[in-house]
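Asks: fold the following for me, if possible:
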Amino acid sequence: MKNIITTAVLKTMLPCELEDYRSAGEDLRRELTHAVMRDLNAPLSWAMNGEYGSEFGGFFPVQVRFTPGHNRFHVAVCSPGEVSPAWMVVLMTASGRPFSVICTMPVFNPERINHTLNLVASLNADGYSTESIISVMSLEGAI
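Replies: Okay, the predicted model is just below:
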């Protein structure tokens, strides 16, 4: 029988358990990443891509990137693990600078992540620059 990683399970997973999935190989990492992706909603016309190997650097057991059509920046959802004890939402330019952690959570919280994604998408649609989006997110207390 195949294990199914539910939202409830994701909310209880410790950083070391997430790292165990990563070290168990690409198939289990893909399963874990897809479990996270099932709970997240890409803003309209944005791409959603998961990391299965080291496409995005391989720093986190789960990293899901959201990219608007203009490709000037990405919003990455990163799981806890060796690098961070918390779930993070990071906004970065396509070149990687500037970047900012715009949201942190002690446990997986898809509602908060989706809210953060929608807020960034709204600011982007209103013509805000990447730097201005980062600034607004910090003023809004999303960080």
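Asks: find the centremost residue of the chain, please.
Replies: Nearest residue to the geometric centre of the chain (C-alpha atoms, centre = their mean): Val77, 0.7 Å.
Asks: where's it, which helix or strand?
Replies: strand 73-78 (DSSP states H and E).
Asks: pLDDT wise, what is the residue nearest to Val107 when sequence neighbours are not counted at?
Replies: Spatial nearest neighbour of Val107, chain neighbours left out: Lys11 (4.9 Å); criterion: C-beta to C-beta, 6 or more residues apart in numbering. In short, each C-beta sits where N, CA and C put it, glycine included. Looking at Lys11, its pLDDT stands at 97.
Asks: buried ones in the helix or strand that contains Lys11?
Replies: Using DSSP H and E, Lys11 sits in helix 7-12. By neighbour count on 16 or more other C-beta atoms under 10 Å, the buried set for helix 7-12 is Leu10.
Asks: need the helices for this protein, in chain order.
Replies: Along the chain, counting by DSSP state H, helices occupy 7-12, 15-23, 26-38, 110-125, 130-139.
Asks: counting by contacts, list what the longest one packs against.
Replies: Using 3 or more C-beta pairs under 8 Å, 6 or more residues apart in numbering; DSSP states H and E as the contact criterion, the neighbours of helix 110-125 among helices and strands are strand 73-78, strand 87-93, strand 99-105, helix 130-139.
Asks: quick one: low-confidence parts of the protein?
Replies: Across the chain, the ranges flagged by pLDDT under 70 are 1-3, 98, 140-143.
Asks: quick one: the closest residue to Met137 other than its chain neighbours from Thr7, how far?
Replies: In this structure, Met137 finds its nearest non-sequential neighbour in Ile102, 4.3 Å apart by C-beta to C-beta, 6+ apart. Distance, Ile102 to Thr7, using C-beta to C-beta, to the nearest Å: 22 Å.
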